[in-house]
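Trainee: have a look; sequence and predicted model below, questions after that.
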Amino acid sequence: MTTHIPIDDSDLKFKDIAQMSPAVSVVMVHFRHPAQTWQALEALFASTLMSIEVILVDNGKDGGEPYAFGHPQLLRLANERNEGFAKACNQGARKARGEFLFFLNSDAHVHPGCIEALMAYLRYHPDVMLAGPQLLYPNGRVQGQGSLLGAGRWGGSHPRHKAFISGAAMLIRAKDFGDLGAFDEQFVFYNEDVDLCRRIRRQKKHMAYVPTAKVTHLGGGSGTQTPFTIEHGHQGALRLAQKHYPRWVAGSYRGLMLAETAVLGCWSAVRQKPAQAQAYRKVLGWLWRAGRVACTVLLLMALSTPLWAAEYDAERVKQTIHWQAQVQKNPEDSRSHFELAMIYALTGRVEKGLAELGKLQPSYAPDIIKVYEPLVQSEPWDADHRFKLAFAYYFANRKEDAKKMFQRILDENNPDHVWALGYKALIIGYEGDNDTVIKLCQRALEIDKNAAGILYLRGEAYRKKGDLFKGATDILKALRLRALDEHDWKKWEREAR
């Protein structure tokens, strides 16, 4: 029988873990969708035979739907009103007895062995504070994870460090969570996971992506676009920028957010969604005073400057620094310029990549092709070889060969290679086929929804087709993300040096 406890935070503290405590405490927040929550609980209980406890925080009674959760391993905590996601998670964590805390969305279905794989990874890697599984769409495709940070690449089968782990499913030691100060409760909805990851990185600790652990994430549910999520989502995004970035970055971000909100508010009104339109007007009210100048300047930038998204990858950071040093050491070395351009391209910084390519003579293209055609034949599993060969073909004005090589990466190496999709779309865009560009970009954004370069490319395609609302929305989102991504890359390179 489920235990039902009204919450009183006054006497709750993060506890030392007793020897006989369950290994893992699962914390789940419920709001408005009881059938969905129960399906997630059923999948969770069926996924493991180990000793776990599940703490379900019912975030308010205003959902209006009757339900009854019952399971011997389930403890239900009840709030009288919606306290926000971060606060509800903290309430559940304070009641937890497990050595590990597993935060799980109510629309996430855990696969067998997932919790064990994450727990084993943390046990064997003391320098890693947080571990996350591979998230899948219901159709089995891999979901990209990310918010204001670069989303990275989420395929493959080998664990690796990441700059961000989604709060949809994450495992952390209870002691570490308490030492970090738990989730920042000022983030009412969205961005609490990004903030937590930021604080972990500030302590020089790591987060790990463990793709052998899998969770199907339905998306939506209690997180669909409502006036509540619109208002608090924007407030959280602005707080994140103010908390973790220099004042000028936060100010620029505020201006971009204002411009984006204005577009989305108008679009909601056109689509006859008055509640959403009113929420965007409310957001505009508290953004406007401080954001009007930055909004004007950055909106002009959006109409003229193609900006592309950075993707965090520790190995790519090292490669960037290496080839930057080689170029500085020997400015006349064409190979170093090309390799640096390719690192920029593989991390979405296409404007820097084009600048490096511009330093090469077109006559150098056959030399690149001679280097990489044999490598592609001898090492077909290496997607980077094919990527560089595709660019060499493009540099040599062999655009059809370039498109075919990008397609071979998708067919034979990695169907979720965001930038193979992006640069293929870029070439097709020059040919004027905007419908195909939009389709390729939408596929890439399913993998990495925050790839600013892909958003910008799709926005340009919409603009050329005459769909100005969608075009402006994509371009402004791309700028909003890029303002923070560029700051991150500079910081990562400084730290790596």
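Mentor: All right, it came through fine.
Trainee: contact partners for residue 366?
Mentor: residue 396 (CB atoms under 8 Å, 6 or more residues apart in numbering). For the C-beta atoms, the positions are set from N, CA and C on the backbone; glycine is no exception.
Trainee: my read is it is in a helix, agree?
Mentor: Yes. Using DSSP: H, G, I helix; E, B strand; the rest coil, the assignment for residue 366 is a helix.
Trainee: ok, the spatially closest residue to residue 207 that is not a sequence neighbour - how many residues close by?
Mentor: The shortest distance from residue 207 to any non-neighbouring residue, by CB to CB, 6 or more residues apart in numbering, is to residue 130 (4.3 Å). Counted with other CB atoms under 10 Å, residues neighbouring residue 130 total 26.
Trainee: next up, phi/psi of residue 130, please.
Mentor: Per-residue torsions, residue 130: phi -140, psi 140 (degrees, to the nearest 10).
Trainee: how much space between it and residue 106?
Mentor: 20 Å (CB to CB, to the nearest Å).
Trainee: so who does the closest residue to residue 173 other than its chain neighbours touch?
Mentor: In this structure, residue 173 finds its nearest non-sequential neighbour in residue 100, 5.9 Å apart by CB to CB, 6+ apart. If you count contacts by CB under 8 Å, 6+ apart, residue 100 has them with 23, 24, 25, 119, 122, 171, 172, 173, 174.
Trainee: show me what contacts the fifth one?
Mentor: By CB under 8 Å, 6+ apart, the contact set of residue 122 is 100, 128, 131, 171, 172, 173, 208.
Trainee: for these, which one is nearest residue 90?
Mentor: The shortest gap between residue 90 and any of the contacts of residue 122 belongs to residue 172, at 12.7 Å (CB to CB).
Trainee: so the closest one makes contact with residue 130?
Mentor: Yes. Assessed by CB atoms under 8 Å, residue 172 is found in contact with residue 130 at 4.9 Å.
Trainee: which one of the contacts of residue 100 is nearest to residue 446?
Mentor: For the contacts of residue 100, the nearest to residue 446 is residue 171 (25.2 Å; CB to CB).
Trainee: the closest one: neighbour count?
Mentor: Number of residues near residue 171 (other CB under 10 Å) recorded here: 26.
Trainee: state the pLDDT value of residue 469.
Mentor: You'll see residue 469 listed with a pLDDT of 74.
Trainee: ok, now residue 303?
Mentor: At residue 303, the model reports a pLDDT of 40.
Trainee: got it, and residue 288?
Mentor: At residue 288, the pLDDT value in this model is 61.
Trainee: show me the contacts for residue 386.
Mentor: 376, 380, 405, 408, 409, 413 are the contacts of residue 386 under CB under 8 Å, 6+ apart.
Trainee: before we move on, what about residue 264?
Mentor: 280, 473.
Trainee: what distance do you get for it to residue 205?
Mentor: Residue 264 sits at a distance of 36 Å from residue 205 (criterion: CB to CB).
Trainee: also residue 254?
Mentor: As judged by CB to CB, residue 254 and residue 205 stand 30 Å apart.
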